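K.L.:
Sequence and computational prediction follow.
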Amino acid sequence: MTVTDLPAVPVQLASWPTPLEHAPRLAEAIGLGAGDLWLKRDDLTGLAGGGNKIRKLEWTLAAALADGADTIVTTGAPQSNHARLTAAAAARVGLDAVLVFPGNKPEGAPAGNLLLDAMLGAEIVWAGDTGSDASVVDVAEAVAQRLRSQRRRPALIPFGGSNAVGAHGYRLAGVELLGQLSSTDVVVCAVGSGGTMAGLVAGLGVNRVLGVHTGAVADPRATVGRLLCEMGEEVDPESLRIRMDQVGDGYETLTDSAYSALTTAAQAGGIILDPVYTARAFAGLTAEVAQGHLRPGTSVVFLASGGLPGLFGHEGVRSADWT
C-alpha cells in the first residue's frame, strides 16, 4: 500500500489526544533540566493494554474493511505488541484474526502477550524454525491462500503494521503533539518495523525525530526511508537520526542498558517501560544526554509507546534481580 491507498476515514479505536506528561524527576535522573522532559503517553490508548500500534491499526483496519475483509492476518515475534493489538482491534470491529509467529509453540502456559492473544480469540499459527523473517511472511501468505480457498476474505497487515497507510497514523500523531507542545525540539522513539518513526518524520521533520534501533529489522535507515518514500516524502535515509548502539545481543535480549533504563524510569518516573522497545529507546536517550548530544535546556519528548504485557512474557525480565 502507498499513501494514495488511504481510506476516507479511520476506524475509531481510541480517544485522542493521548496525554503529554511532564517528568521533572526523570529528566534530572538522566542529566536534563527539570523542565526539559515530557512523556507522550501512547501506552494509554486503552484497547487491550494500550500501545502505539493503535494509531496504525485505525488506518490499516479501515483499509481492510473497505476491501471487504472478514479476517486479518499478520506476523510478529511471539511477544508482539502489534499482534496483540491486531487481535483486539479485529475483535472490536467483528473480524477474525490469525497471528503468524516464528518458531514453535512454547511449552507450558502462555504468558504476556501470548496469553492475551488467546483471550482475544486469535488463531495462532507457528511457522516453525524457518530461520528468516521472509519465511514467516511466506507462511502468512500461505495462511491467506488457505482462507481464500475456504471462501474467506483475508487482509494481510505487515509486521508492525508498518506500511504507508499505517504510518499515516503517526504523521497525525506528530501534528497532535505540536498542538500540545509547539516548542518541541526532539521526539525520541523506538525503531522497530519503522512505521512510527516514518510517520513522526513526515509530521515533524527529519531534524525533530531521534530513533533508537531495537534490532527488529536489519537496516532501520533503509526501512524508514522506504516507508517515507511510499508516504510521498523525499527524505535521504542517511539524514535520519537513528542511534544504532542499543541492540546488544539481539532484539529479544535484555541488555544491561535496557535493564538500567527500566529501573530508572520506574524509580524516578513511576513509568513502566517494556524490555524490547521503550527500554532501548530510553537507554538511547540517556546515552544521547551523557554524550552531550542533548543538553539541558532542550525540550525533549519521549514516546512511551507501550508494550507492558510483553514484559511479563520476557524471560530476561522475569529472571532479573530487581531487589
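P.N.:
Received the coordinates, thanks. Residues are numbered from 1 along each chain as shown.

K.L.:
any idea where the helices of the protein begin and end?
P.N.:
Under the criterion DSSP state H, the chain contains helices at 24-29, 53-66, 81-93, 113-119, 133-149, 164-180, 195-204, 220-230, 256-269, 278-290, 308-311, 315-319.

K.L.:
Comparing the ones you listed, which comes out most buried?
P.N.:
Using mean count of other CB atoms under 10 Å, the stretch among those with the greatest mean number of neighbours is helix 195-204 (a mean of 28). No exception for glycine: its C-beta is placed from N, CA and C like everyone else's.

K.L.:
Now find how far off-centre it is within its chain.
P.N.:
On the basis of CA atoms, centre = their mean, to the nearest Å, helix 195-204 sits 12 Å off its chain's mean C-alpha point.

K.L.:
tell me the mean pLDDT over that helix?
P.N.:
Averaged across helix 195-204, the pLDDT comes to 97.

K.L.:
what angle sits between it and helix 164-180?
P.N.:
Computed by axes from the mean of the first three to the mean of the last three CA atoms, to 10 degrees, the angle separating helix 195-204 from helix 164-180 equals 50 degrees.

K.L.:
Which other helices and strands does helix 195-204 contact?
P.N.:
Taking 3 or more CB pairs under 8 Å, 6 or more residues apart in numbering; DSSP states H and E as contact, the helices and strands that helix 195-204 lies on are helix 53-66, helix 164-180, strand 186-191, strand 209-213, helix 220-230.

K.L.:
Output the fourth one as CSV, restricted to C-alpha atoms.
P.N.:
What it means is strand 209-213. What follows is the C-alpha trace of strand 209-213 in CSV, where atoms were taken according to Å, rounded to 0.1, in the frame of the first residue of the first chain:
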residue,chain,number,x,y,z
VAL,A,209,12.9,13.0,15.5
LEU,A,210,15.5,10.7,17.1
GLY,A,211,15.0,7.0,16.6
VAL,A,212,16.7,4.2,18.6
HIS,A,213,17.2,0.9,16.7
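
K.L.:
count of neighbours near the residue nearest to Glu21 when sequence neighbours are not counted?
P.N.:
Spatially, and ignoring its direct neighbours in sequence, Glu21 is nearest to Leu39 (4.6 Å; CB to CB, 6 or more residues apart in numbering). With neighbours defined by other CB atoms under 10 Å, the count for Leu39 comes to 21.

K.L.:
Look up how far Glu288 lies from Leu39.
P.N.:
Distance, Leu39 to Glu288, using CB to CB, to the nearest Å: 16 Å.

K.L.:
first vs last residue of stretch 236-252, how far apart are they?
P.N.:
As for stretch 236-252, its first-to-last residue distance stands at 29 Å under the measure CA to CA, to the nearest Å.

K.L.:
Could you pull out the buried residues of that stretch?
P.N.:
Of the residues in stretch 236-252, those buried by neighbour count under the rule 16 or more other CB atoms under 10 Å are 237, 240-243, 246-248, 251-252.

K.L.:
looking at the helices of the chain, which has the lowest confidence?
P.N.:
The stretch with the lowest mean pLDDT among the helices of the chain is helix 315-319, which comes in at a mean of 83.

K.L.:
Check the offset of that helix from the chain's centre.
P.N.:
Worked out by CA atoms, centre = their mean, helix 315-319 lies 21 Å from the chain centre.

K.L.:
residues in contact with that helix?
P.N.:
With CB atoms under 8 Å, 6 or more residues apart in numbering as the contact definition, helix 315-319 has outside contacts at 253-254, 262, 275, 311-312.

K.L.:
again, only using 10 Å
P.N.:
With contact meaning CB atoms under 10 Å, 6 or more residues apart in numbering, helix 315-319 is reached by 111-112, 252-255, 258-259, 262, 274-276, 279, 310-312.

K.L.:
which residues does Glu238 contact?
P.N.:
Contacts for Glu238 (CB under 10 Å, 6+ apart) come out as 221, 225.

K.L.:
can you check Leu99 too?
P.N.:
For Leu99, the contact set (CB under 10 Å, 6+ apart) comprises 72-76, 78, 80, 82-84, 86-87, 90, 113-114, 117, 120, 122-126, 140, 143.

K.L.:
how does it look with 7 Å?
P.N.:
Under the criterion of CB atoms under 7 Å, 6 or more residues apart in numbering, the contact list for Leu99 reads 74, 76, 83, 87, 117, 122, 124.

K.L.:
Make CSV out of these and add distance to Leu172.
P.N.:
Supplementary listing: the contacts of Leu99 in CSV, determined by distance: CB to CB, whole Å:
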residue, distance to Leu172
Thr74, 21
Gly76, 23
Ala83, 23
Ala87, 23
Asp117, 27
Ala122, 27
Ile124, 31
